Structure formats: structure tokens, C-alpha cells
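**Student:** I need the structure of the sequence given here:
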Amino acid sequence: MNGNTIPVIKKTTHYSDFKTVKGNRLLYKDHFNSLLEAVKTKNLLYLNPIIVNGQMQVVDGQHRLAVAEKLNEPIYYVQGNGLTIEDVIMFNTAVKDWSIEDYTQTYIKLGYAEYQKLADFQKKWKFSTSNSIAILSGDGKVVEAKYKKYKKGLFEIPNWDWANRFAKCLHDITPYTNGNTWKDRDFIKALSTIYSKGVDHEALIERLQRYPTPIYRRANMTEYLRVFEDVYNTNQPGKPTRFY
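**Tutor:** So this is what the prediction gives:
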């Protein structure tokens, strides 16, 4: 199948003809169940055929295949020789969203070491994937360019040791925050910013212990910097330290 050939849509109930492809997304129970109920209500599988390669490996549409098999309904498919999971990633990046976790799991299956380290980091420190990317990128910030590299399999960790030290510092501070404030992206960016200015972690913890209130969620990074500035300078002699 190429750009000049109209693919033939086929259908079958021989579900065992299909095979999995290394690197494809996991089957998600919630997605499977919602799709199952949708097809029970109105079967539109014929409008969205799955995509397989020349070896009948499913490169896109495994949830639809699983639902069709569960309901004993025909599955519709198109076949393209030479298709790979990388082709599907490129296609989905352009036309529909995969979740962040989908990209992580896919690249782990394809043997990308940095993505395995990302998953390990996330599991160890209990961060979201996006916050893990921000911290492992080295500055606590995630911009669109980083997401694009991440989705293309180009994610890099410039300083693994620094990221783990920062994660430890962040966890040390959680008792002095309200609720999940410490998970807020702007809070993380603000903390990274003040450490980059040479703030001593132990001194910050000591002053947080004396501060009369926990840090509450703020609207943006600048507001967090103002709070950290107040924490750091309260009852301290000499010229105040500025963070913004």
C-alpha cells in the first residue's frame, strides 16, 4: 500500500489470523469497556478498519479487534506491506493523540533506555509522567519542543543524578505544602529556579519549619517565587534574597 493505491477494506471473524506487533500500546480496560458499550449501542466498526502489515500484525486498532472478538462481530481491516509501529507513531502524532504513557510504554518495548529510566523514575518518586519529563530534562520545565522530542523517541536525560537529588529535595518539602501543591508544575519550576540561584536546601527546610503556614497552591510560578522569597527572608537579618 502506498500513497497512490486505494486500500481494500476486508472483513473477517477469524480473529486468530491477527498477531500483535512489538511496541504497540497496551490494552486499556477503561478504553476497551467504553468502546465495547459504544459498539453494542451502534456497531460502526466498518467505518474505522484496523491497520495490519503484511504479516497480519495489528499496528493500529487492537482495541477494536478485541471488542469485535468479544462480541463475535466481523472486524474490518486494511493491509499495508512494510508498515511498522514507528509509522503508526508518526501517523498518530500528526492526526490524533496518544497519551503520554502510550509513548513511554511503546518506546520501552522498542528498547529505548531513556524511556525505561523515565518509567523507573516516575515509579520511585510518584510523579506524573509530565512532571517526570520536566525534572529529568534538567530544569523542571516542559515546553512544546520537549514534548515533540519525547513523542519522536528523542527524549534525553542530561543529568540523572541531579534529577534524583532534586526529586529528593522536592519530597523533603512536601510536609510544608498544602495537599498536592508540591505536584503543581509551577511549584516545581519555582523550586528548580531558586535552587539554580544557589539556595541551600537545608536552610530552606529550616525556614519552612519556622514559617507559620504551609505553602498553598498559587496561580503561577511567579506567585510561588514570591512565597519562597517570603519564607526565605522572614526574620532573617541583612539584605533580603530575591528570587524573581
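**Student:** Sheet partners, orientation included, of the lengthiest strand in the chain?
**Tutor:** Counting by DSSP state E, the longest strand found in the chain is strand 75-79. With DSSP bridges as the test, strand 75-79 is paired with strand 10-12 (antiparallel), strand 50-52 (parallel).
**Student:** I'd like the next helix or strand past the worst-scoring helix or strand of the chain on mean pLDDT.
**Tutor:** None of the helices or strands of the chain scores lower by mean pLDDT, DSSP states H and E than helix 85-95, at a mean of 71. Downstream of helix 85-95, the next assigned helix or strand under DSSP states H and E is helix 100-109.
**Student:** Need the contact partners of that following helix.
**Tutor:** 22-26, 85, 89, 98, 115-116, 118-119, 129-130, 133, 150-151, 153, 155 (C-beta atoms under 8 Å, 6 or more residues apart in numbering). Placement of C-beta: from N, CA and C, glycine included.
**Student:** tell me which residues in stretch 58-69 are buried?
**Tutor:** Val58, Val59, Asp60, Gly61, Gln62, His63, Arg64, Leu65, Ala66, Val67, Ala68 (16 or more other C-beta atoms under 10 Å).
**Student:** Please spell out the PyMOL selection for the buried subset of the contacts of helix 100-109.
**Tutor:** In PyMOL syntax, the buried subset of these is picked out as below (16+ other C-beta under 10 Å):
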select buried, resi 23+24+25+85+89+98+115+118+119+129+133+150+151+155
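**Student:** Inside strands: which ones of the contacts of helix 100-109?
**Tutor:** Among the contacts of helix 100-109, no member falls in strands (DSSP E).
**Student:** how about the helices in this structure?
**Tutor:** With helices called from DSSP state H, the chain shows them at 29-41, 62-71, 85-95, 100-109, 113-125, 129-136, 144-151, 160-173, 185-196, 201-210, 221-233.
**Student:** In the protein, which residue is most central in space?
**Tutor:** Ile100 (3.0 Å; C-alpha atoms, centre = their mean).
**Student:** separation between that residue and Trp125?
**Tutor:** 16 Å (C-beta to C-beta, to the nearest Å).
**Student:** again, but for Pro214
**Tutor:** On the measure of C-beta to C-beta, Pro214 and Trp125 end up 20 Å apart.
**Student:** And those two? Which one has more around it.
**Tutor:** The residue with more neighbours, out of Pro214 and Trp125, is Trp125; 17 against 13, by other C-beta atoms under 10 Å.
**Student:** and the strands paired with strand 75-79, which one is worst for confidence?
**Tutor:** Sorting those by mean pLDDT places strand 50-52 lowest, at a mean of 92.
**Student:** Just give me the neighbour total for Ser192.
**Tutor:** 19.
**Student:** Verify the stated contact: it with Arg165.
**Tutor:** No. Under the criterion of C-beta atoms under 8 Å, Ser192 lies out of contact with Arg165, with a separation of 11.5 Å.
**Student:** Which pLDDT value belongs to the nearest residue in space to Gly179 that is not next to it in sequence?
**Tutor:** Leaving aside its sequence neighbours, Gly179 sits nearest to Arg217 (C-beta to C-beta, 6 or more residues apart in numbering; 7.4 Å). With respect to pLDDT, Arg217 scores 96.
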